[in-house]
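Engineer: Got a predicted structure here, sequence first:
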Amino acid sequence: MQASLLPQYRLHARDTAAKTTTYVKDDPRTQIRTYLIFEADGTIKVRKTQRVDAVLDLNKDQANAFTGYRGKEWVCTSRVPLIEWNKLLTASGGTPGIDAEYDRDKMRKLLNDADYRAFKTVPGKI
């Protein structure tokens, strides 16, 4: 029944003991995999995963090859995987999935924190 309502999703698993059915959708561009888990009591759980290693490797390579800002109109200063962006947006006072409003100063502070250095594509402070 759910398959006809979810054309982008494919059946991933059916657990007869737990009475759950799981559908999955892969987005090759963002590397996000979305799971819809239909429970026996009628609830639906959504779980998302994302491979971030390629993004972090690209950030590291770009930061190592950075030659400075001189003579450039536009410089990409950070690249954050979408899963992590939602966490950062929530931490900086925004609402992921609803709006893109956030406190720029808080976000800048987070990106300049040593714990988030892997998201930066330039050395130094943003």
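Structural biologist: Nice, I can see it. These numbers come from a predicted model, not from an experiment.

Engineer: C-alpha from now on. contacts and neighbour counts both.
Structural biologist: Noted.

Engineer: Report the contact partners of Leu56.
Structural biologist: Leu56 makes contact with Ala118, Phe119, according to CA atoms under 8 Å, 6 or more residues apart in numbering.

Engineer: what about the residue nearest to Pro81 when sequence neighbours are not counted, how many neighbours?
Structural biologist: The shortest distance from Pro81 to any non-neighbouring residue, by CA to CA, 6 or more residues apart in numbering, is to Val52 (6.2 Å). Number of residues near Val52 (other CA atoms under 10 Å) recorded here: 16.

Engineer: Same question for Arg79.
Structural biologist: Around Arg79 there are 15 residues (other CA under 10 Å).

Engineer: again with the one 5 residues further on
Structural biologist: Look at Glu84: counted by other CA under 10 Å, it has 14 neighbours.

Engineer: show me where the chain has strands.
Structural biologist: Per DSSP state E, the chain carries strands over the ranges 10-15, 20-27, 32-38, 44-50.

Engineer: could those go into CSV alongside distance to Leu56 and mean neighbour count?
Structural biologist: CSV is the format used below for the strands of the chain (distance: least, CA to CA, whole Å; neighbours: other CA atoms under 10 Å):
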stretch, distance to Leu56, mean neighbour count
strand 10-15, 28, 13
strand 20-27, 18, 17
strand 32-38, 15, 18
strand 44-50, 12, 13
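
Engineer: Mind putting those strands into TSV with mean pLDDT and distance to Gly68?
Structural biologist: Below are the strands of the chain laid out as TSV (pLDDT from 0 to 100; distance: least, CA to CA, whole Å):
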stretch	mean pLDDT	distance to Gly68
strand 10-15	92	46
strand 20-27	93	34
strand 32-38	92	32
strand 44-50	90	31
